[in-house]
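K.L.:
got a predicted structure plus its sequence, pasted below:
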Amino acid sequence: MDDGGPTAMIDLRDVRFSYGGRTILNGITLTIKRGEIVAVMGGSGGGKTTLLGLIGGRLKPDAGEVIVDGQNVPRLNKAALYALRRRIGMLFQFGALFTDLSVYDNVAFPLREQTDLPDALIDPLVLMKLEAVGLRGAKDLMPAELSGGMARRIALARAVALDPAVMLYDEPFTGLDPISIGIIGRLIKRLHRALGMTSIIVTHDINETLRLADRIVVLANGRIHRDLKPEDVTSSDDPFIRQFADGLPDGPVPFHYPAPDYAAELIG
């Protein structure tokens with residue numbers, strides 16, 4: 001793990017977060033270097049998406065520091081936070097396209113909202129992003145006319161419209177067929193390299209993650225359970241890693257939610 005020096009783009013220091021009295025993150029310390037692709041994995045409800053919310057400033061930690069490109073996110077005023085967010089792209093689960101805007105206008109939206117560029121400059125930028133995801137020919141379609149994979153690619157084009165320094169992906173492969181998963185995976189890697197971004201991918205897709213990530217961070221019980229290289233996942237004998245990687249129904253994450261004794265409850 002890095003020491004949080006000048007090569008660090010994201011630095012989480014003893015971050016704690018709870019919601020409704022339930023502890024979600026309980027002392028997360030994690031450094032992500034510039035240019036890395038780091039996958040965050042773990043069981044459902046384990047705090048993965050919460051981590052993205054803290055990095056983007058949508059949530060504030062109960063304790064600890066969230067440093068992004070040298071800035072302490074929870075301490076930023078509104079103007080500084082909005083300026084930082086312009087350098088952070090976000091691919092939401094299921095894409096979250098604006099249903100009443102065309103493909104072209106969805107991708108143009110952040111350029112129109114966050115810059116003063118005239119349409120004469122916005123147009124080639126939008127076409128460039130659509131060409132990068134292979135969907136320039138779909139620019140006049142509406143979201144309802146797109147397949148799930150196409151919608152995710154348009155959402156990716158919109159997310160990188162401002163050439164962000166940091167990209168956050170929340171379950172980018174959910175609900176996609178194997179071909180679309182492969183396409184999105186290749187696009188993530190290609191755009192990551194082309195734009196020199198730092199990327200964090202929250203995902204449950206083991207196979208695609210092993211091909212994409214430089215590191216895999218596994219969350220369990222509100223903490224970092226393991227921080228390992230992709231090649232170490234398949235060879236790990238850690239019970240939690242094995243349960244997660246092999247999709248086992250029972251193990252460190254139990255099949256049964258805690259409950260009173262079954263026989264005693266039946267008898268009353």
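P.N.:
Okay, I see it. Numbers count the residues shown, from 1 in each chain.

K.L.:
what about the strands in the stretch 151-268 of the chain?
P.N.:
In the stretch 151-268 of the chain, the segments counted as strands under DSSP state E, counting those that start in this stretch are 166-170, 198-202, 215-220, 223-228.

K.L.:
which elements pack onto the first one?
P.N.:
So that's strand 166-170. Using 3 or more C-beta pairs under 8 Å, 6 or more residues apart in numbering; DSSP states H and E, the elements in contact with strand 166-170 are helix 48-55, strand 88-91, helix 178-195, strand 198-202. C-betas here are computed from N, CA, C, even on glycine.

K.L.:
out of the ones you listed, which is closest to A213?
P.N.:
Closest to A213 of the helices and strands packed on strand 166-170 is strand 198-202 (C-beta to C-beta; 6.8 Å).

K.L.:
before we move on, the earlier item: among the strands of the stretch 151-268 of the chain, which is the most enclosed?
P.N.:
Comparing the strands of the stretch 151-268 of the chain by mean neighbour count (mean count of other C-beta atoms under 10 Å), strand 198-202 comes out on top with a mean of 25.

K.L.:
re earlier: turn the strands of the stretch 151-268 of the chain into a markdown table, including mean pLDDT and distance to R152.
P.N.:
Listed next are the strands of the stretch 151-268 of the chain as a markdown table, based on pLDDT from 0 to 100; distance: least, C-beta to C-beta, whole Å:
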| stretch | mean pLDDT | distance to R152 |
| --- | --- | --- |
| strand 166-170 | 93 | 10 |
| strand 198-202 | 94 | 13 |
| strand 215-220 | 90 | 22 |
| strand 223-228 | 89 | 27 |
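
K.L.:
would you format these as JSON lines with distance to L156 included?
P.N.:
Converted to JSON lines, the strands of the stretch 151-268 of the chain look like this (distance: least, C-beta to C-beta, whole Å):
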{"stretch": "strand 166-170", "distance to L156": "9"}
{"stretch": "strand 198-202", "distance to L156": "12"}
{"stretch": "strand 215-220", "distance to L156": "21"}
{"stretch": "strand 223-228", "distance to L156": "26"}
